[in-house]
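Visitor: model the following, please.
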Amino acid sequence: MILPSGRKCGITEKEDHRLWHTVVMDCTVSVAEIQSAIGTTVTQVTLRNWSLQGQLQAMRSVACIQQIMPLPFAMKVVSSQSSLVGWSGDL
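Guide: Numbering: from 1, shown residues only. Purely as a prediction, here's the structure:
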């Protein structure tokens, strides 16, 4: 999708794969490092959507997801996933 400013919105399948690979290889990777690795802007919204779709949950532990998301949102994700992954809630 192209925004009125001419800027591309969303990521391609190839960029999506690179994003997945980057996060799988290093769960402590920052958003800036992800952007550098795939060569495009990745927003917190993209990472949030990945998490909600279960793509990050399947790849990484809850602690890793918290590192790439703002804490209030990460805690919502953690609480919604706790029954799914058998997590006790202790950090």
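
Visitor: Val42 and Val31 touch, don't they?
Guide: Yes - contact criterion Cβ atoms under 8 Å: Val42 and Val31 qualify, at 6.1 Å. Bear in mind the C-beta positions are built from the backbone N, C-alpha and C, glycine included.

Visitor: who has more neighbours, these two?
Guide: Remark: of Val42 and Val31, Val42 carries more neighbours, 22 against 15, as counted by other Cβ atoms under 10 Å.

Visitor: tell me the secondary structure for the more buried one?
Guide: Under the three-state scheme (DSSP: H, G, I helix; E, B strand; the rest coil), Val42 adopts coil.

Visitor: in the protein, what helix or strand scores lowest on average pLDDT?
Guide: Least confident helix or strand of the chain, by mean pLDDT, DSSP states H and E, is helix 71-85 with a mean of 45.

Visitor: any idea how far Thr40 is from Arg18?
Guide: 9 Å (Cβ to Cβ, to the nearest Å).

Visitor: actually, Gly39.
Guide: In terms of Cβ to Cβ, Gly39 sits 8 Å off from Arg18.

Visitor: out of those two, which sits in the more crowded spot?
Guide: Arg18 (18 against 9).

Visitor: so that one sits right up against Gln35, yeah?
Guide: No - under the criterion of Cβ under 8 Å, Arg18 is not in contact with Gln35, lying 10.7 Å apart.

Visitor: check which residues of the strand or helix carrying Ala32 are buried.
Guide: According to DSSP states H and E, Ala32 maps onto helix 31-38. Buried residues in helix 31-38, counted by 16 or more other Cβ atoms under 10 Å: 34, 37-38.
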